[in-house]
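>>> sharing a sequence plus its predicted fold:
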Amino acid sequence: MSKTTEVVQSGPEKLVSATDNAPSGHEHDEGMHSDGDTVSFSTHVAGSGALDRLVDTARDYATASTAENTNKAYAADWKHFKRWCRLKGAEPLPPSPEIIGLYLTDLAAPMKGAPVLSVSTIDRRLSGLAWNYTQRGFALDRKDRHIATVLAGIRRKHARPPVRKEAILPEDILAMVATLGFDLRGLRDRAILLIGYAGGLRRSEIVSLDVGKDDTSDSGGWIEIFEDGTLLTLNTKTGWREVEIGRGSSNQTCPVHALEQWLHYAKIDFGPIFVRTSRNGKRALESRLNDKHVARLIKQTVLGAGIRADLPKKDRLALFSGHSLRAGLASSAEVDERYIQKQLGHASAEMTRRYHRRRDRFRINLTKAAGL
C-alpha cells in the first residue's frame, strides 16, 4: 500500500500530514483542523518544487470555491460544534446523526440561559457541519430521522417570519449622501452609496470592483464608463452578469458622476476602485476596502440623516444593513418587475419579490375586485 501526503487548506489553519491509510474517526479529527478541500500526492513527488507550487495554487482554488464570509461562517460552525462535543463528552468524528440531533435540540432549547438561535441560524449551522464533514471525507445524511425529524419539529415550533432589513427609499439615500463631506473620503463614500443603490449591488460586489478586467487576482468585476452611464461586469455567486447604471437627472445625485469624481480626485486608473484613504481623508491608499465598511457606512449615514428617528438608536441600527440598498432599489424603481430582477441578478421573480418592501403593497385590491 503506497504512502500518500495529504495537503489540507481552506481556513485559518493549515496541515500537511503523511498517512498510510485513511484515518479512523478520532485520528481524522486530529489531522483535520482545517475547513477545506483535500489534495493527495504520492510521496515520491512530494518534494518537487513544481508540485509544491501546484499544491499552493490548488489550495487557493479550494479556498475560492466558497465565498470568504461563507468560509469564516463554516469554520465558526465547526469550532462551535467541536466545543459542544467536548463539553458533552461526545466525539465530533465520525458523524453521528444522533449526536447532531441532540446538538440541534440544544441550539433550539439551550440550558443555563444560553441564547436561543433562530431556525434559519440553526439550519445554517447544519449546512456548515455538512460542508465540514464533506471536506473531511465523510457524508452527513441530513435525511436521517434523528436529524430530519428534530429539525422539522424545531421549524414547526420555533419558525418565525424572516426579519427583513428596512429598504432605503429615494428620499433616504438623498439625505444620506447629504451628510457626507467633499473631501476624498466623502467622495468615495458618496460613490459607494449611489453605485450600490442604483446597481442594486451586494456590499461584497461593491468593494470587489476593479477599474479594468484582470487588474487584480481578487477582483469580483470591473467597470466601463460610457456617455450614457457605466457598465459593471460582475463575477457573482450565480455567475457572470452585467449591470447597467445610467446617469442620473443631476450631478448631485448621479451615481456615475459620483464614481467619476472619486476616480479622478483619488487618481485611480488601475486596480481596486474603492480603497482606503489616509487618516486625514486626503490621500487614497492601495488596499481594497472590506465589505464591512459598506455596512458601517450605511448605519452611520442613516443616523446622520435622521432616518427613522422615531425609533431608539439601537433599533435604527438593527433595521439597516448592506441589503437595504438592494431592497431600496427593488421597492422604489417604478419599472416592470423583470428589469429589477435582471438588475439584482435573481434567477426567479419570486426571489425579487422578497426584496419588495412597499412597492406592491395594496396596489391591487382584491377585496374591491371581489365586489366588497
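Okay, I see it. Bear in mind that the values here come from a model prediction, so they are computed numbers and not experimental data.
>>> now the lengthiest helix in the chain - C-alpha only, CSV.
Determined from DSSP state H, the single longest helix within the chain is helix 68-88. Extracted in CSV, the C-alpha atoms of helix 68-88 (Å, rounded to 0.1, in the frame of the first residue of the first chain):
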residue,chain,number,x,y,z
GLU,A,68,-14.8,34.3,2.1
ASN,A,69,-17.7,35.1,4.5
THR,A,70,-19.0,31.6,4.0
ASN,A,71,-15.6,30.1,4.8
LYS,A,72,-15.5,32.1,8.0
ALA,A,73,-19.0,31.1,9.0
TYR,A,74,-18.4,27.4,8.3
ALA,A,75,-15.1,27.5,10.3
ALA,A,76,-17.0,29.1,13.2
ASP,A,77,-19.8,26.4,12.9
TRP,A,78,-17.2,23.6,13.2
LYS,A,79,-15.4,25.2,16.1
HIS,A,80,-18.7,25.6,18.0
PHE,A,81,-19.7,22.0,17.3
LYS,A,82,-16.4,20.6,18.4
ARG,A,83,-16.5,22.6,21.7
TRP,A,84,-20.1,21.4,22.3
CYS,A,85,-19.0,17.8,21.8
ARG,A,86,-16.1,18.3,24.1
LEU,A,87,-18.4,19.7,26.9
LYS,A,88,-20.9,16.8,26.4
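>>> skip the chain neighbours and tell me the closest residue to the residue nearest in space to the middle of the chain.
In the chain, the residue lying closest to the centroid (C-alpha atoms, centre = their mean) is N69, at 5.5 Å. Of all residues not flanking N69 in the chain, S204 sits nearest, at 7.3 Å (C-beta to C-beta, 6 or more residues apart in numbering). In this view, the C-beta of every residue, glycine as well, is placed from N, C-alpha and C.
>>> again with P272
Leaving aside its chain neighbours, P272 sits nearest to R288 (4.0 Å; criterion: C-beta to C-beta, 6+ apart).
>>> for the one you found, give me its contacts.
Taking C-beta atoms under 8 Å, 6 or more residues apart in numbering, we find R288 in contact with V207, S208, T216, D218, P272, F274, V275, R276.
>>> mind listing the residues bridging to it?
Per DSSP bridges, the residues bridged to R288 are V275.
>>> show me where pLDDT drops low in the stretch 1-150 of the chain?
1-49 (pLDDT under 70).
>>> show me where it has its strands.
4-9, 14-19, 37-42 (DSSP state E, counting those that start in this stretch).
>>> number of nearby residues for the residue nearest to K82 when sequence neighbours are not counted?
Take K82 and drop its neighbours on the chain: the residue closest to it by C-beta to C-beta, 6+ apart is P92, 5.0 Å away. By other C-beta atoms under 10 Å, the residues close to P92 number 25.
>>> and for the one 5 residues further on?
Around P97 there are 17 other residues, counting by other C-beta under 10 Å.
>>> that one against K143, yeah?
No: with contact defined as C-beta atoms under 8 Å, P97 does not reach K143; the gap is 9.6 Å.
>>> give me the distance between the residue lying closest to A178 once chain neighbours are set aside and W262.
What sits nearest to A178 in space, not counting adjacent residues and going by C-beta to C-beta, 6+ apart, is A305, at 7.0 Å. A305 is 20 Å from W262, where distance means C-beta to C-beta, to the nearest Å.
>>> any idea which element the closest residue to D183 other than its chain neighbours lies in?
Spatially, and ignoring its direct neighbours in sequence, D183 is nearest to G281 (4.6 Å; C-beta to C-beta, 6+ apart). Using DSSP states H and E, G281 falls within no helix or strand.
>>> contacting residues around G281?
Counting by C-beta under 8 Å, 6+ apart, G281 has contacts G181, D183, L184, R185, G186.
>>> and the second one, how many neighbours?
Applying other C-beta under 10 Å, we find 13 residues neighbouring D183.
>>> for E260, what are its contacts?
I225.
>>> now I147
I147 makes contacts with P97, I100, G101, L104, L126, D141, as judged by C-beta under 8 Å, 6+ apart.
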